[in-house]
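Q: coords please:
(one chain, ligands or ions: 1)
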Amino acid sequence: MKHNISINKVTESKVKSIDFNNIPLGTTFTDHMFICDYNNGVWENPRIEPMGMIPTHPAAMALHYGQAIFEGMKATVDADGNPMLFRADRNAARLNTSADRMGMPHFPEDLFVEGLKQLVDLERNWIPPTDGSALYLRPFMYADEAFIGMRAATHYKFIIMASPAGPFFSKRIKLWAEKHYIRAVNGGTGEAKAAGNYAAAIRPTELAKAKGFDQVLWLDAIEHKYIQEVGTMNIFFKIDGKFITPKRDGSILDGITRMSVIDVLRDKGYDVTERAITIDEIQEAAKNNSLEEAFGTGTAVGIAYIQDIGVGEEIIHVSNESPVGLEVNNTLNDIKTGRVEDKFGWML
Ligand code: PMP
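A: Got it, this is the predicted structure:
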């Protein structure tokens, strides 16, 4: 479908004031944003405007009842400076999965991708050229109807904003296996990228940090032993030469890095199984020296190696012997910058 996106450009770009070698995290925004309004059952007036404040009624339903969902993705450049998007169709589809769970309308997937393309094209000078850097893109949807009362809203906004991000060097992280606080339950909202999931994770994360850990390892709600994910990443383990990752059961996010890492690992000849994994099993594997690797996966960092997992009084130490995750991360970065052939057909 052809979408008519109107564009209102700034008179002068702020990009010249940015030091791409020293980009502050999450506080710099590009010149423009993409906006679309949902009224009376239709998405209308898709437009690109100068980045700015959005007047919001204090009764906007997102502020009270939490109908707010988002996505996270990155634009990179190839060797010739052409902007590229990684698996944008997957983010478009995931936004609508989140919308379903939260009683929100679907956003047309072709307009999602077209809005991204036009915004990124307009902001191409904002894509940091240095290796490992990218233009972070944040599509999101929220209920902006002014109404007090508990029902699905009838007015929404869909917005895409963009923020340059420097290379993310992740040190090996320490996880706290959380047995009191829960991120997601069966039948809950864990598979939705809903704002409220993140709000509920803030306090447990602060408590884990106060104990000296970097992130929370989320466990299941009933037995507190099945591993779900870590912080805002999915998780992989390598035991006896084979990779395992928790299977999707409705309570973990369907990570786009996760699905890509599975494909790249299999392509490199590794065995990858998606199944239920207990913390006891990981503890056991560490004790008998068969736990060879453990890492988190997500758009922000790519792959983050895990050093320790605190389980009550005990610490599981992960060996640092096997760098397969790093190899996969390099392959993904090579695909995202056009250095190797995109044999999976992921780049746009
Ligand atoms: N789990 C959660 C809870 C997340 O917020 C994210 C980041 N979107 C991920 C996993 C990783 O997903 P992706 O690879 O799509 O970034």
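Q: which ones are touching whatever residue of the stretch 101-250 of the chain ends up closest to the ligand?
A: When scored by C-beta to the nearest ligand atom, the stretch 101-250 of the chain has Thr232 as its residue closest to the ligand, at 3.5 Å. Every residue, glycine included, has its C-beta placed from N, CA and C. Thr232 is in contact with Tyr198, Gly298, Ala300, counting by C-beta atoms under 8 Å, 6 or more residues apart in numbering.
Q: go on, Ser98?
A: Ile69, Met104, Glu191, Ala192, Lys193, Ala194.
Q: Quickly check: the helix or strand harbouring it near the ligand or not.
A: Taking DSSP states H and E as the criterion, Ser98 maps to helix 88-101. No. Counting by C-beta under 6 Å from any ligand atom, the ligand is not contacted by helix 88-101; separation bottoms out at 7.3 Å.
Q: can you pull out the strands in the stretch 151-300 of the chain?
A: Per DSSP state E, counting those that start in this stretch, the stretch 151-300 of the chain carries strands over the ranges 156-165, 173-178, 215-219, 227-230, 234-239, 242-246, 272-275, 291-298.
Q: helices or strands next to the third one in the packing?
A: Packed against strand 215-219 by the contact rule (3 or more C-beta pairs under 8 Å, 6 or more residues apart in numbering; DSSP states H and E) you find strand 173-178, helix 195-210, strand 227-230.
Q: want to try CSV for the ones you listed, with distance to the ligand and mean neighbour count as columns?
A: Shown next, in CSV, are the helices and strands packed on strand 215-219 (distance: least, C-beta to the nearest ligand atom, whole Å; neighbours: other C-beta atoms under 10 Å):
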stretch, distance to the ligand, mean neighbour count
strand 173-178, 14, 23
helix 195-210, 7, 15
strand 227-230, 5, 24
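Q: how about CSV for those, with mean pLDDT added?
A: Output for these, formatted as CSV (pLDDT from 0 to 100):
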stretch, mean pLDDT
strand 173-178, 98
helix 195-210, 98
strand 227-230, 98
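Q: closest one to Pro50 among those?
A: Set against Pro50 and scored by C-beta to C-beta, the helices and strands packed on strand 215-219 come closest in helix 195-210, at 24.8 Å.
Q: Contacts for the closest one, please.
A: Contacts of helix 195-210 with the rest of the structure, by C-beta under 8 Å, 6+ apart, involve 62, 66, 68-70, 142, 175-176, 178, 180-181, 183-184, 189-190, 214-216, 231-232.
Q: mind running it again at 10 Å?
A: The contact list for helix 195-210, computed with C-beta atoms under 10 Å, 6 or more residues apart in numbering, reads 62, 65-70, 98, 102, 140, 142, 174-178, 180-184, 188-191, 194, 213-218, 231-232, 253, 310.
Q: Tell me who's in contact with the closest residue to Asn91 other than its chain neighbours.
A: Spatial nearest neighbour of Asn91, excluding adjacent residues (C-beta to C-beta, 6 or more residues apart in numbering): Glu71 at 4.6 Å. By C-beta under 10 Å, 6+ apart, the contact set of Glu71 is 88, 90-92, 94-95, 98, 112, 116, 137-141, 160, 193, 256, 299.
Q: what do you get for Glu341?
A: Asp334, Ile335 are the contacts of Glu341 under C-beta under 10 Å, 6+ apart.
Q: What residues sit buried inside the helix holding Ser98?
A: Ala88, Arg90, Asn91, Ala92, Ala93, Arg94, Leu95, Asn96, Thr97, Ser98, Ala99, Arg101 (16 or more other C-beta atoms under 10 Å).
Q: what angle separates that helix from strand 156-165?
A: Per axes from the mean of the first three to the mean of the last three C-alpha atoms, to 10 degrees, the angle that helix 88-101 makes with strand 156-165 is 140 degrees.
Q: between helix 88-101 and helix 195-210, how big is the angle?
A: For helix 88-101 against helix 195-210, the angle by the same axes, to 10 degrees is 100 degrees.
Q: Mind checking the pLDDT average for the following helix or strand past helix 88-101?
A: Downstream of helix 88-101, the next assigned helix or strand under DSSP H and E is helix 109-122. Averaged across helix 109-122, the pLDDT comes to 98.
Q: Perfect, I'm done here.
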